[in-house]
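1. Any chance you could fold what I've pasted below:
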Amino acid sequence: MTRTRIESLLASFPKLIPTNTQHTSVETPEVRYVYQPLEDLYILLITNKASNILQDIDTLHLFSRVVSDICRTADEREILKNAFELLGAFDEINVNLMQVRSVLEMESHEEKIQEIIARNKEAEAKEELKRRAKQLEMQRREQQRRTASGGGGNSYLGGGISGYSSIPRFEAPEPTPVSRITSSGSSTPSRAPAFKGSGMKLGAKKTKQAELLDALGGDLASTSLSDVSIPTTPTVAEPPVPMPTGRGSLPEVEEESVHIVIRETLSLSLLRDGGVQAMELKGDMNLRISDAALGRVRLGLSQPSTDFGGNALQFKQHPNVAKFAPGQARVVALKDSTKSFPVGQSLAVLKWRYAGTDESNVPLSINCWPTPSNDGTCEVSIEYELENDSVTLYDVIISIPLPDGSYPTVSSHSGEWSLNPSSHSLAWAVPLISPSDSTRTGSLIFTVGGDDVGAFFPVHVSFVGEGSLAGVGVASVT
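-> Reported below is the predicted structural model:
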């Protein structure tokens with residue numbers, strides 16, 4: 001249609017408007033005018049007479065809503081001011097109003113993600129500079145102290161119990177949680193037990209949009225872990241997160257002629273409003289003798305520092321190993337003192353198990369507290385505290401799920417943190433948690449879009465530990 005033809009149709013329209021009538025359309029032999037008053041102006045749709053008038057009226061109403069949405073007032077000056085935006089909106093008028101707004105805003109998810117990542121990296125770099133400056137200052141003071149005192153050093157663990165034991169990994173809210181731990185130690189004193197724990201898991205699902213946003217996260221690190229939480233009872237919606245195997249950052253031990261390996265596995269499920277839903281601890285002691293002269297060895301177990309599990313902690317000996325005598329010190333030895341343990345072969349001489357819901361037996365407590373704000377964001381404070389003084393935790397990772405499509409801004413944290421694109425979660429890593437220094441407790445605070453507090457659960461926790469939850473250790477080898 002030529003410009004002259006369009007101008008001719010528009011010029012004839014005011015003459016065709018009927019007076020004293022409520023009709024919003026008028027026809028000529030060639031075209032149909034469908035119009036709607038808009039204060040002192042008209043919104044006009046010109047169609048051929050064969051078009052569906054009901055669809056034309058709906059389209060006209062959508063034009064009117066777009067004008068009202070873009071222009072503050074429906075006068076000629078305001079419309080001319082926003083003419084470009086109106087033309088762009090009219091070009092997309094075959095969709096609904098919300099889609100028109102989305103097209104006009106032209107927001108880029110990729111750009112937003114890159115801006116968030118850049119801000120987070122900048123904040124993380126500042127925190128790293130502060131941490132390194134503090135570390136250098138501490139090293140300088142330590143060097144000055146050593147110079148003043150003429151040298152000297154500290155033992156790695158600050159003393160130890162005789163014997164070795166391994167501690168379970170901390171795994172939780174899976175109905176059938178699986179945690180593994182492997183650790184070894186020699187029977188000589190001054191080595192501490194090794195504990196590996198796997199933690200709690202309460203699941204959540206992801207949308208395709210969140211997966212796409214996660215894929216744009218670039219070099220964001222990932223780690224999977226277990227959970228402990230606060231408001232409401234945990235629910236499990238995802239398969240268990242695979243836990244790392246091996247000793248992690250635990251110090252290595254040298255194998256002796258009498259080599260004892262103690263392993264413990266902890267399966268733990270906590271409720272978000274406090275309390276233990278399920279807890280099971282399993283442990284075993286393996287003995288390996290490489291010197292035939294020591295085949296008739298007797299292992300005296302150390303006295304536990306705490307009454308873990310009470311009567312619910314049950315022990316079971318190998319059929320050839322003598323049972324513990326009531327009221328006497330616990331000793332692992334063969335029933336027949338004339339025989340010897342097998343040489344060059346690892347033998348499970350003792351097993352123990354605990355199942356219960358006593359919260360005082362939980363080695364690490366996690367407190368996750370989301371606080372919604374009026375601006376559509378949520379501030380999340382999460383903190384941990386080591387509850388068991390007989391264990392030291394290594395490679396602790398606390399993973400907090402994030403709302404779909406949202407990324408956090410961390411304002412305060414101990415340890416390190418990163419984003420896990422595969423699970424769309426924030427992974428908070430603490431290299432060491434010790435009962436004897438400031439790492440016993442720690443916290444992390446971040447802000448993220450969304451006001452659904454349930455989106456931040458389940459929380460997953462995993463760690464490797466040194467020490468024995470059940471207090472099993474070797475005090476003497478005779």
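
2. what kind of secondary structure is Ile116 in?
-> Secondary structure, DSSP: H, G, I helix; E, B strand; the rest coil: Ile116 is helix.

3. My read is that it contacts Gly405, right?
-> No - assessed by C-beta atoms under 8 Å, Ile116 is found out of contact with Gly405, at 11.2 Å. For glycine as for every other residue, the C-beta is placed from the backbone atoms N, C-alpha and C.

4. Find residues that contact each of those two.
-> Counting by C-beta atoms under 8 Å, 6 or more residues apart in numbering, no residue touches both Ile116 and Gly405.

5. which residues does Lys351 contact?
-> Lys282, Gly283, Asp284, Met285, Phe315, Lys316, Gln317.

6. between those residues, which has the most around it?
-> Within the contacts of Lys351, most neighbours by other C-beta atoms under 10 Å means Met285, with 29 neighbours.

7. residue ranges with poor pLDDT in the stretch 101-250 of the chain?
-> Residues of the stretch 101-250 of the chain meeting the criterion pLDDT under 70: 101-108, 149-246.

8. repeat that with 90
-> Confidence mapping of the stretch 101-250 of the chain against pLDDT under 90 gives the ranges 101-116, 127-128, 130-250.

9. hang on, the earlier thing: may I see the contacts of Lys351 organised as CSV, with pLDDT, secondary structure and distance to Val66 added?
-> Output for the contacts of Lys351, formatted as CSV (pLDDT from 0 to 100; DSSP: H, G, I helix; E, B strand; the rest coil; distance: C-beta to C-beta, whole Å):
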residue, pLDDT, secondary structure, distance to Val66
Lys282, 91, strand, 66
Gly283, 91, strand, 70
Asp284, 91, strand, 72
Met285, 93, strand, 76
Phe315, 90, strand, 77
Lys316, 91, strand, 77
Gln317, 91, strand, 82
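
10. Output the residues you listed in TSV, with distance to Leu60 appended to each entry.
-> As requested, the contacts of Lys351 are exported to TSV (distance: C-beta to C-beta, whole Å):
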residue	distance to Leu60
Lys282	73
Gly283	77
Asp284	79
Met285	84
Phe315	84
Lys316	83
Gln317	88
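
11. buried set for the helix or strand that contains Ser8?
-> Using DSSP states H and E, Ser8 sits in helix 3-16. For helix 3-16, burial by neighbour count (16 or more other C-beta atoms under 10 Å) applies to Leu9, Phe13.

12. ok now it, how far from the chain's centre?
-> 65 Å (C-alpha atoms, centre = their mean, to the nearest Å).

13. Ala133 and Gln144, how far apart?
-> Per C-beta to C-beta, to the nearest Å, Ala133 is found 17 Å from Gln144.

14. Kindly apply the preceding question to Ser51 instead.
-> On the measure of C-beta to C-beta, Ser51 and Gln144 end up 90 Å apart.

15. Also Leu426?
-> Going from Leu426 to Gln144 by C-beta to C-beta gives 39 Å.

16. The two: which is more packed in?
-> Per other C-beta under 10 Å, whichever of Leu426 and Gln144 has more neighbours is Leu426, with 25 against 10.

17. Assign the residue nearest to the more buried one when sequence neighbours are not counted to helix, strand or coil.
-> Spatially, and ignoring its direct neighbours in sequence, Leu426 is nearest to Ile400 (4.9 Å; C-beta to C-beta, 6 or more residues apart in numbering). Counting by three-state DSSP, the backbone at Ile400 sits in strand.

18. Ile400 touches Asn420, doesn't it?
-> No - contact between Ile400 and Asn420 fails when scored by C-beta under 8 Å: they sit 9.9 Å apart.

19. bridging residues for Ser476?
-> Taking DSSP bridges, one obtains Gly300 as the residues bridged to Ser476.

20. my read: it touches Ala329, true?
-> No - using C-beta under 8 Å, Ser476 is not in contact with Ala329; the gap is 9.4 Å.

21. what sits in contact with each of those two?
-> Common neighbours of Ser476 and Ala329 (C-beta under 8 Å, 6+ apart) are Gly300.

22. Looking at these two, which one has more neighbours?
-> Using other C-beta under 10 Å as the criterion, Ser476 and Ala329 rank with Ser476 on top: 15 against 12.

23. can you pull the pLDDT of that one?
-> On the pLDDT scale, Ser476 is placed at 89.

24. for Asp358, same thing?
-> Looking at Asp358, its pLDDT is 88.

25. Excluding sequence neighbours, find me the nearest residue to it.
-> Val276 (7.0 Å).

26. which residues sit in contact with the one you found?
-> Leu268, Ser269, Leu270, Gly356, Thr357, Asp358, Glu359, Val362.

27. And the nearest residue to the fifth one once chain neighbours are set aside, what's its pLDDT?
-> So the one you mean is Thr357. The shortest distance from Thr357 to any non-neighbouring residue, by C-beta to C-beta, 6+ apart, is to Val276 (4.3 Å). The model reports Val276 with a pLDDT of 89.

28. Between the two ends of stretch 438-453, how far is it?
-> From its first residue to its last, stretch 438-453 covers 29 Å (C-alpha to C-alpha, to the nearest Å).

29. sorry, back to before: turn the buried ones among the contacts of Val276 into a named PyMOL selection, would you?
-> Applied in PyMOL, the following selects the buried portion of the contacts of Val276 according to 16+ other C-beta under 10 Å:
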select buried, resi 268+269+270+362
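
30. and which of the contacts of Val276 is nearest Asn374?
-> The closest of those to Asn374 turns out to be Leu270 (C-beta to C-beta; 30.8 Å).

31. related to what we said a few turns ago, I'd like the contacts of Val276 laid out as TSV, including distance to Leu44 and secondary structure.
-> Compiled in TSV, these are given as follows (distance: C-beta to C-beta, whole Å; DSSP: H, G, I helix; E, B strand; the rest coil):
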residue	distance to Leu44	secondary structure
Leu268	71	strand
Ser269	67	strand
Leu270	66	strand
Gly356	79	strand
Thr357	74	coil
Asp358	78	coil
Glu359	73	helix
Val362	73	coil
